[in-house]
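**Q** what follows is a predicted protein model with its sequence.
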Amino acid sequence: MNEISAALSANDWVERMSQLALRQGVHLSTLQQKAGGDLELLFASAALAFPSGALFTEKDANEILKRFLAGAGVMVATDHVELRRWMVDAGFLQRSDYGTDYRRGSLPDWLSDAAQQLDFERVADAVAQARSANEAQRESRRQAWLARQIEVTEGGEGRPNIAGEASSDETFMRLALDQAHNAWALAEVPVGAVVVKDNKILATGFNQPIGNADPTAHAEIRAMRAAAQLLGNYRLNDCELYVTLEPCAMCAGAMQHARIRRLIYGAADTKTGACGSVIDLFAIPKLNHHTKVRGDVLAEESRRLISSFFVERRELKRQGALPADADDCE
Ligand SMILES: [Zn+2]
């Protein structure tokens with residue numbers, strides 16, 4: 001762990017926990033490697049729920065840690081058993097002589113003064129407040145965005161929507177964009193997808209590789225998986241897939257396996273796009289017999305959504321609410 005000498009004030013403790021609370025799916029091992037001080041602060045915050053000197057059975061200790069993980073420690077991707085083990089190993093929790101009970105261990109010097117002025121509820125309340133303020137901000141941004149979309153749809157220089165395929169592509173793409181907002185709400189790169197059959201939405205998906213700890217959890221894969229399960233068929237023969245960003249090679253391959261009839265995407269992806277930007281897997285006749293492709297549908301909206309996400313991310317990083325080496329790009 002990092003060597004930290006300066007003592008932390010109670011206010012700074014609460015402040016830092018409130019910043020950390022805006023993150024999602026943080027692994028203990030990542031904190032240990034990159035931010036040992038934050039890991040100690042997290043353990044110490046959990047230790048505050050164990051009043052000094054009191055003994056707790058394993059069952060009670062588990063209940064306390066479960067409550068911590070549902071509240072002040074909600075950003076951590078772990079369960080109460082793993083957390084307990086880490087806290088015991090690091091000395092923040094001690095087992096009794098017989099190993100049957102737990103009590104608060106000794107906190108590191110840089111935290112021990114502040115710990116005396118803090119109780120668990122104060123940290124938990126501050127974290128809950130920070131999270132709900134952040135959610136309210138996201139929600140109002142989302143509402144503002146939706147309101148703009150409706151203006152675009154209904155305003156459009158007073159002309160009615162053109163009937164037919166072109167306008168229904170835009171309608172379904174707007175629903176895919178709405179899915180992308182779900183990804184943003186979970187601090188994932190905002191990409192959304194919908195699978196459509198007979199002009200009806202069959203399944204939706206949004207990008208969630210970090211939260212799911214799953215490199216394949218792209219919006220398209222999640223939507224196709226849900227659609228296939230619904231149909232009870234791994235072939236999605238008469239289905240169309242709408243996605244806000246040009247698919248990568250993995251997703252393009254999965255669409256070919258699924259025999260998606262039509263793919264409609266929004267913005268081009270110059271980094272990993274497999275529909276012409278980097279490579280065009282659909283233009284290789286040996287690979288693709290089934291899928292027709294249309295790109296550039298509501299591309300500007302999709303691009304704007306992703307770039308706003310990264311603007312916010314850089315801002316959070318500047319405030320210290322993200323690790324200094326968090327990715328700045330997809
Ligand atoms: Zn993909």
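**A** That came through fine.
**Q** all contacts plus neighbour counts: C-alpha atoms, from now on.
**A** Fine.
**Q** ok, residues contacting stretch 236-246?
**A** 172-173, 176-177, 180, 191-198, 219-220, 224, 227-228, 258-269, 273-275, 295, 299, 302 (C-alpha atoms under 8 Å, 6 or more residues apart in numbering).
**Q** nearest residue to the residue in the stretch 1-150 of the chain that the ion sits nearest to other than its sequence neighbours?
**A** Closest to the ion within the stretch 1-150 of the chain is Gly25: 20.6 Å, counting by C-alpha to the ion. Distance criterion C-alpha to C-alpha, 6 or more residues apart in numbering; nearest residue to Gly25, sequence neighbours excluded, is Ala77 at 4.6 Å.
**Q** ok, that neighbour touching Ser29?
**A** No - between Ala77 and Ser29 there is no contact under C-alpha atoms under 8 Å: 10.1 Å.
**Q** hmm, back to that, wait, the residue of the stretch 1-150 of the chain closest to the ion sits on Gln208?
**A** No - look at Gly25 against Gln208 with C-alpha under 8 Å: they stay out of range, at 10.8 Å.
**Q** look at those two and report which has more neighbours.
**A** Between Gly25 and Gln208, counted using other C-alpha atoms under 10 Å, Gln208 has the larger neighbour count: 25 against 16.
**Q** could I get the phi/psi values of the more buried one?
**A** Per-residue torsions, Gln208: phi -150, psi 50 (degrees, to the nearest 10).
**Q** in contact with the nearest residue to Arg261 once chain neighbours are set aside, which residues are there?
**A** Nearest in space to Arg261, with sequence neighbours left out and distances taken as C-alpha to C-alpha, 6+ apart, is Thr291 at 4.7 Å. Going by C-alpha under 8 Å, 6+ apart, Thr291 touches Met255, Gln256, Arg259, Ile260, Arg261, Arg262, Leu263, Phe282.
**Q** so what's the second one scoring on pLDDT?
**A** At Gln256, the model reports a pLDDT of 96.
**Q** and the contacts of the strand or helix carrying it?
**A** In the assignment (DSSP states H and E), Gln256 maps to helix 249-258. Helix 249-258 has contacts (C-alpha under 8 Å, 6+ apart) with 216, 218, 220-221, 234-237, 272-275, 281-282, 287-288, 290-291.
**Q** just checking, which of those belong to strands?
**A** Using DSSP state E, no member of the contacts of helix 249-258 falls within strands.
**Q** now the residues you listed: which count as buried?
**A** Buried members of those, scored by 16 or more other C-alpha atoms under 10 Å, are 218, 220-221, 235-236, 272-275, 281-282, 288, 290-291.
**Q** state the mean pLDDT of the helix or strand harbouring Ala126.
**A** According to DSSP H and E, Ala126 maps onto helix 120-154. For helix 120-154, the mean per-residue pLDDT is 76.
**Q** do stretch 232-239 as well
**A** 94.
**Q** now the end-to-end length of that stretch.
**A** 14 Å (C-alpha to C-alpha, to the nearest Å).
**Q** related to what we said a few turns ago, how much space is there between the residue of the stretch 1-150 of the chain closest to the ion and Lys200?
**A** To Lys200, Gly25 is 33 Å away according to C-alpha to C-alpha.
**Q** what's near enough to touch the spatially most central residue of the chain?
**A** The centroid of the chain falls nearest to Leu186 when counting by C-alpha atoms, centre = their mean (3.3 Å). Contact analysis of Leu186 by C-alpha under 8 Å, 6+ apart lists Gln24, Gln208, Gly211.
**Q** do the same with Leu118
**A** Ala10, Leu48.
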